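Student: coordinates only, no sequence provided:
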């Protein structure tokens, strides 16, 4: 059994609240990105909210995939740690140096390692456009 992805947010920065545990400030939340030229290098963050019915450490990966070619342009590993059964935790993954080769549709895919392979647990579409669009 792998963790469940409850939320996927693509943004520019994620900051923990200095006054309240478990509260995060997300800046530059994105469903799209406008590039000045291509290839375009961007620094993004992927903010996940994940849950697990059992405690433990689970390894996962995030792929940024160019559609419809189904070719990934960025690969990031992460670990989600659950100290209790049925816990919900935030996971912040840096996507620094993400190079978008062209305008078009992209998707952020979240996987967790599973017995015998890996399980796709969430997807989030993302549009990259050029200055003329």
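Tutor: Alright, I've got the coordinates. All figures in this text were calculated on a predicted structure; none of them were measured in a lab.
Student: so where does residue 57 fall, helix or strand?
Tutor: strand 56-66 (DSSP states H and E).
Student: which residues sit against the very next helix or strand once past that strand?
Tutor: Remark: after strand 56-66, the chain's next helix or strand is strand 71-82, criterion DSSP H and E. By C-beta atoms under 8 Å, 6 or more residues apart in numbering, the surrounding residues in contact with strand 71-82 are 3, 46, 48, 50, 52, 54-66, 89, 91, 93-95, 97-101, 106, 112. Just so you know, the C-beta spots here come from the backbone N, C-alpha and C atoms, and that holds for glycine as well.
Student: now the element after strand 71-82, going C-ward?
Tutor: Strand 71-82 is succeeded, C-terminally, by strand 87-100 (DSSP H and E).
Student: quick check: buried residues in the helix or strand just after that next one?
Tutor: For strand 87-100, the succeeding helix or strand toward the C-terminus, using DSSP H and E, is strand 104-114. Buried residues in strand 104-114, defined by neighbour count with 16 or more other C-beta atoms under 10 Å: 104, 106, 108, 109, 110, 111, 112.
Student: the residue positioned nearest the centre of the chain: what's it in contact with?
Tutor: For the chain, residue 46 is the residue whose C-alpha lies nearest the centre (C-alpha atoms, centre = their mean; 3.5 Å). Taking C-beta under 8 Å, 6+ apart as the criterion, residue 46 is in contact with 8, 9, 10, 62, 76, 92, 93, 95, 108.
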